[in-house]
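**Student:** sequence and predicted structure are below.
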There are 2 protein chains.
Amino acid sequence: MPVNIAPLDPAALLPIAGVEIGIASAGIKKVGRKDTTLFRIAPGARVAGVFTLNRFCAAPVRLCQNNLQEYLSTGQSIRALVINTGNANAGTGVDGMQRAQAICAATAEQLGIASNQVLPFSTGVILEPLPADKIIGALPAAKADFSATNWAEAASSIMTTDIVPKASSTQIQIGGKTVTVTGIAKGSGMIHPNMATMLGYVATDAAISQPLLQQMLKYAADHSFNSITVDGDTSTNDSFILIATGLAGNDEIVDANSADFAALQGAVLQVSQFLAQAIVRDGEGATKFITINVEGGASYDECKAVGYAIGRSPLVKTAFFASDPNLGRILAAIGYAGINDLDVDNIEVRLDDVLVAINGGRNPEYREEQGQAVMNKAEIAINIKLNRGEHKATVWSCDFSYDYVKINAEYRS
Amino acid sequence: MPVNIAPLDPAALLPIAGVEIGIASAGIKKVGRKDTTLFRIAPGARVAGVFTLNRFCAAPVRLCQNNLQEYLSTGQSIRALVINTGNANAGTGVDGMQRAQAICAATAEQLGIASNQVLPFSTGVILEPLPADKIIGALPAAKADFSATNWAEAASSIMTTDIVPKASSTQIQIGGKTVTVTGIAKGSGMIHPNMATMLGYVATDAAISQPLLQQMLKYAADHSFNSITVDGDTSTNDSFILIATGLAGNDEIVDANSADFAALQGAVLQVSQFLAQAIVRDGEGATKFITINVEGGASYDECKAVGYAIGRSPLVKTAFFASDPNLGRILAAIGYAGINDLDVDNIEVRLDDVLVAINGGRNPEYREEQGQAVMNKAEIAINIKLNRGEHKATVWSCDFSYDYVKINAEYRS
C-alpha cells in the first residue's frame, strides 16, 4: 500500500477559472474503465511543457512539442489536452504519429478549435497500436462531462499501476487577488524522470508572462518530478504541463525578481512537490518513503547525482525494504555516483539524526540499535554532507519489495 | 538456481606452474567455513590488476594498487595473494587500512617475503570492522594446505552469496610449448563492474612482457567482467588479477601484433568470459541468462551504453523473469541510454532471430506467439542493430526475480 498518502478529498481540490475537465470511458483495456480525460482551456491562457529526453519518446510527446512550438511562434492559444491511459502510443512509428494526429483532429472538431491547439498525452503499455478510434468515439461523452470540479475524477482516470489518485491545491494572495494552483499527476513505475515525470498537470488562474511561466515550470520540474526515482527507468512518455489562465485578476507577473513571482513559484512548487512525492509514496510495491538530502556539494548536479545513485540502487532499496541497516550499501552508492575527485574521508552520513559514517568509515559511537530504530520507520531521511562546497539537493525514493517484482512481472496479464 | 552452469569438475582445472593455493577457516562469519585463501606465486612471475573505480573503494583495493605500483617501479615481484570472504573491509577508514596492512605483514612473515609483495583482497559486508586477527590466525593453516591443485577449493572459499563456484581452464600451444590458463571468480550481487568485477583471478604459465600483460588484462576485463551486470551496483571491492608465471618455456611474448599474443589473449579472454558469464548465470535470484548484442554503433562505448541500459533496467529484467514479451521496455531503455542523436527509426530489435521492432515501431509481421516462444527459454539473446556505424559490443545480464529481493533483504541475517 502507498506510504502515508491521505485519501483524496475531492472538495479540497479547488477549481481553476478557465479550466474544465471531462472524463469518459473508451474501453481501451477494460470496458467501462474511465480512461479518457479531456481538458478545455479558456482562450488566452498560457501553457508551458517539459517532456522526457528519452529518444524513443512517444508520438504524443513529439506532437505536444510541435504544437507548443507553433503556439509560441504564432501566439494561437493551446485550448485542449486529451489524455488516455492503457496505451502509451510509444514505439509505434509513423502509424503511431498518425493516430495521435487523428485524436487531435477529432478533439479540435468537437471543440471548434484548430488541431494544433490540442496537446495529446498517452500512458500505458509501449509497442502496441493505440486504439485511436475508441478514444475518438469517447470524446463526445467527455465533452458532455465538462465541469470545473472534475479534478479528482481526472486524477483517477489518468492512473495506470497507481494505487491512489494524486492531486493537490493551494491558494495564495497576489496583489490583493486570490490565486489558486491545482494539479494532478500519475506515475508509479518506470519512474526516473529526465526533465519531467510520467504525467503531471498543474494549472493556476494567475496572470504571468510566457517566459516566466516557462522558467517557473523548469524550476518546479527540477525540484519535484526531476528529483524522484522509483526504479531508475526513464519513461518514453514523461510530460509535465503548467497552465496559467490569467483569470485571477492579478496584474500580470513580468519580473522574475518580484515578490509576486516568488509567491507563485512557491505555490506551484508546493503542488508539484506534493504530486512528485505522491508518485514515490505510491511507487510500485513501496513500503517506505526515503528522502535523500545531499549538502555541501561543489554543484547542484553532483549533489543530485549522489542522491540518485543512492535512490536507484537495488541494494540500498532492498535493505530498506527489509528494515536492515546495511548502510555500507549507501557508501558504495556514493562512491560510484561519478564524482571522480570525491574525498570519501570528508563525508558524513546520517540516518535521520544518527551519525553512521565519518572519516571514511563507521562512526565509532554508532550502534546497530540506533540504525535499526530508524530503519523500522516508514519515513526515513538519509542525510549526507559532502563537505566540499555550498550546494545541496534532495531526491525522493522508495524501497524495493517483492511486490515491485510481482507488479512488473504481471503488468500485462 | 543458477542458469545452465555445469557442476565444477576439479579435475578439469589445470594447475599453473608457479602457483600454489592454500585454504583455511578463520571463522569470520561462521565457524568452520573456509573463508581464507592464500596464493603463493613463484619469483619472477608478472602480475597485473584492474580495480573498481568506486570512490569508496575498500582498503585492500587501495593497498593492492599501492603494492602493484611499487612492484612496477622496483621490479620486486608480487609473491602472494591473500583473500578473505565474509567482510569487505570497505567504508572502514584508517583503521581498515591498518588491518589490511597487518594481514599483508603477517602473510609476508609466514612466507619469508616483504609485506609489499602481498596483494590483499576482501569481500563481504561493507562498513563493519574486518576481524584481521582471525584471518592472521588462519594463515599457518592456509600455508600448510599449499597445493597446485587447489583451484576448485579456492573457487569455493571466495564465494559470498554465490550459489556455485566459478572456475575455468584452457590450454593452447605457443611456439611448440603447451601454455595453460586457469582462473576463478566470485560474484553474484552488487555486480555492475567499472573496470573490473567482484573478484577474478586468472593465471597462466606463459612468458609475456609486463606492458603486454597489462594490455591483455585491460582487453580481457573490458570484454568480460566489464560487460556484465546483475543489479547495476558497482562494488567497492572489484578486483581482477592476471598472473603470468613465465614457466611454460615459451619465448617471452613482446609483440602485441604477434600470433602468440593473439593466441594467449584469446585463451585469457575465453577463461575470463566464462567466469564473467558464470557470475551472471549465478546472479542473485537469476532464472534467465540474457545476452545483449548491440551492433552498428558509432562507437564501442555507445554500443555498451545501450547494452547496459537494457541489462540493468528493472522493468526489462522483471518482464524476462515473467517470460512476458513486454518488449516496449527494451525500446524505452535504448531511448534513455544517452545517445542524444539516436534516430530510433533506424533501429532493429530482435529477440533471438525474431524481428520485433523496426522503423521506430513494432514489426507489422511480428506476432506475440513468436516473442512468447523465445521468452519461455532460459537463454535469450536481445539483438540490436543501431544502423549508424561499424562498432559492436555485447553485455550479459540476468532477470530480476522475487529471490533477488529476498536474498538482499536477508543478506545480513
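**Tutor:** That came through, no problem. Worth saying up front: this structure is predicted, and the values here are computed from it rather than measured. Numbering: from 1, shown residues only, chains lettered A, B, ... in the order given.

**Student:** which residues of the stretch 101-250 of chain A fall in helices?
**Tutor:** For the stretch 101-250 of chain A, applying DSSP state H, counting those that start in this stretch gives helices covering A:132-144, A:151-157, A:210-222.

**Student:** among those helices, which is nearest chain B?
**Tutor:** helix A:132-144 (14.3 Å; CB to the nearest CB). To be clear about C-beta, it is placed using only N, CA and C from the backbone, and glycine gets the same treatment.

**Student:** whichever strand or helix holds residue A:315: what's the following helix or strand?
**Tutor:** Element membership for residue A:315, per DSSP states H and E: helix A:314-321. Next helix or strand after helix A:314-321 toward the C-terminus (DSSP H and E): helix A:328-335.

**Student:** gap between the next helix or strand after that following helix and the chain center?
**Tutor:** For helix A:328-335, the following helix or strand on the C-terminal side (DSSP H and E) is strand A:348-351. With CA atoms, centre = their mean, to the nearest Å as the basis, strand A:348-351 stands 28 Å off its chain's centre.

**Student:** direction included, what does strand A:348-351 pair against?
**Tutor:** With DSSP bridges as the test, strand A:348-351 is paired with strand A:354-358 (antiparallel), strand A:379-385 (antiparallel).

**Student:** would you mind finding the most buried of these?
**Tutor:** strand A:354-358 (a mean of 21; mean count of other CB atoms under 10 Å in any protein chain shown).

**Student:** mind giving me the packing neighbours of the helix or strand following that strand?
**Tutor:** Remark: after strand A:354-358, the chain's next helix or strand is strand A:361-362, criterion DSSP H and E. Judged by 3 or more CB pairs under 8 Å, 6 or more residues apart in numbering or on different chains; DSSP states H and E, strand A:361-362 is in contact with helix B:93-111.

**Student:** what is the helix it packs on packed up against?
**Tutor:** strand A:361-362, helix B:59-74, strand B:80-87, strand B:118-125, helix B:132-144.

**Student:** out of the ones you listed, nearest to residue B:181?
**Tutor:** strand B:80-87 (16.8 Å; CB to CB).

**Student:** now that closest one: mean pLDDT?
**Tutor:** In this model, strand B:80-87 has a mean pLDDT of 95.

**Student:** ditto for stretch A:301-316
**Tutor:** Rounded mean pLDDT across stretch A:301-316 is 93.

**Student:** and chain B, is that stretch touching that?
**Tutor:** Yes. Contact of stretch A:301-316 with chain B is found when judged by CB under 8 Å from any CB of the partner chain, involving A:312-315.

**Student:** got a list of contacts for that stretch?
**Tutor:** A:192, A:227-229, A:231-232, A:290, A:292-295, A:297, A:329-330, A:332-334, A:336-339, A:382, A:384, A:386, A:391-397, A:400, B:189-190, B:231-233, B:314, B:404, B:408 (CB atoms under 8 Å, 6 or more residues apart in numbering or on different chains).

**Student:** send me it as PDB with only the CA atoms.
**Tutor:** These are the backbone C-alpha positions of stretch A:301-316, laid out as PDB (Å, rounded to 0.1, in the frame of the first residue of the first chain):
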ATOM      1  CA  ASP A 301      24.300  18.500 -10.200                       C
ATOM      2  CA  GLU A 302      26.800  16.500  -8.200                       C
ATOM      3  CA  CYS A 303      24.500  16.600  -5.100                       C
ATOM      4  CA  LYS A 304      21.700  15.200  -7.300                       C
ATOM      5  CA  ALA A 305      24.000  12.500  -8.800                       C
ATOM      6  CA  VAL A 306      24.800  11.300  -5.300                       C
ATOM      7  CA  GLY A 307      21.100  11.400  -4.300                       C
ATOM      8  CA  TYR A 308      20.100   9.500  -7.500                       C
ATOM      9  CA  ALA A 309      22.900   6.900  -7.100                       C
ATOM     10  CA  ILE A 310      21.500   6.000  -3.600                       C
ATOM     11  CA  GLY A 311      17.900   6.400  -4.600                       C
ATOM     12  CA  ARG A 312      18.100   4.000  -7.500                       C
ATOM     13  CA  SER A 313      20.400   1.300  -6.000                       C
ATOM     14  CA  PRO A 314      18.600  -2.000  -5.800                       C
ATOM     15  CA  LEU A 315      20.900  -3.000  -2.900                       C
ATOM     16  CA  VAL A 316      20.000   0.100  -0.900                       C
END
